[in-house]
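[1] Sequence plus predicted model, see below.
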Amino acid sequence: MHLRQRVLKASQERVSLRGIQRIFGVCRQTTLRWIRQHVRQLPMLADTILPFHWGDVLEVDELWSFVAKKNQNRWIWLAQCRRTHQILTFYIGNRDEAACQQLWQRFPKAYFACPICTDEYAPYANVFPTIQHRPSPKGSSKTSHIECWNNTLRQRLSRFVRKSLSFSKSDQMHYLMVL
């Protein structure tokens, strides 16, 4: 496998940029350039979504992370189709109603009429139409697919672990690693 491919593969696992530098002898700036080039070649998220089917249900949740310092919170808002397990859209921002509104505006048009399962966090009730919104208490398993995805993300990418030495130092890098 070519060095560039191995470095990109390592960046998608729990290896920090400094770790990649130590393992492969490739400087961090080169690794960052390779990651940016790789992400530019990826298809747009909207172009990868499987078609809507009647009966699809969406699960929505938010995931805490930070950039540079732990007091610089970033919340990754995610919407996932329960049937396909695909992430339909995401938004990185604060944990407030404005961020939830941004997520709602990014929903693919075909999925606007789907039932939306969430936890009982207040912004969801204020943003999502009442007829579609299905709030459930934590542990009810109504959002188990998206919670599983959040856990997988935390296990695979160390920058999303709550207590970690690996973290994003810029919003741009944080965004690139979510893609």
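    Thanks, I have it.
[2] Quick check: buried residues in the strand or helix carrying residue 71?
    Taking DSSP states H and E as the definition, residue 71 sits inside strand 69-81. Using 16 or more other Cβ atoms under 10 Å as the test for burial, strand 69-81 gives 74-81. C-beta here means a position set from N, CA and C on the backbone, and glycine is covered the same way.
[3] and if you look at stretch 131-141?
    133, 135.
[4] Now do the contacts for the residue located most distally from the centre of the chain.
    Computed with Cα atoms, centre = their mean, the residue of the chain farthest from its C-alpha average is residue 25, at 29.2 Å. Under the criterion of Cβ atoms under 8 Å, 6 or more residues apart in numbering, residue 25 has no neighbours.
[5] how near is it to residue 120?
    Using Cβ to Cβ, to the nearest Å, residue 25 is found at 50 Å from residue 120.
[6] What of residue 54?
    27 Å.
[7] More neighbours: these two, which one.
    residue 120 (11 against 6; other Cβ atoms under 10 Å).
[8] Pretty sure the more buried one sits against residue 136.
    Yes - Residue 120 sits in contact with residue 136 when judged by Cβ atoms under 8 Å, with a separation of 7.2 Å.
[9] May I have the beta-bridge partners of residue 90?
    residue 78 (DSSP bridges).
[10] To clarify, my last question referred to residue 65.
    Beta-bridge pairing for residue 65 (DSSP bridges): residue 74.
[11] Go through stretch 106-123 and flag the buried ones.
    By neighbour count on 16+ other Cβ under 10 Å, the buried set for stretch 106-123 is 107-108, 111, 114-119, 123.
[12] contact partners of stretch 114-126?
    Contacts of stretch 114-126 (Cβ under 8 Å, 6+ apart): 52, 56-62, 79, 82, 96-97, 99-100, 128, 132-138, 142-143.
[13] Which members of the buried residues of stretch 106-123 are positioned in helices?
    residue 123 (DSSP state H).
[14] Understood, closing this out.
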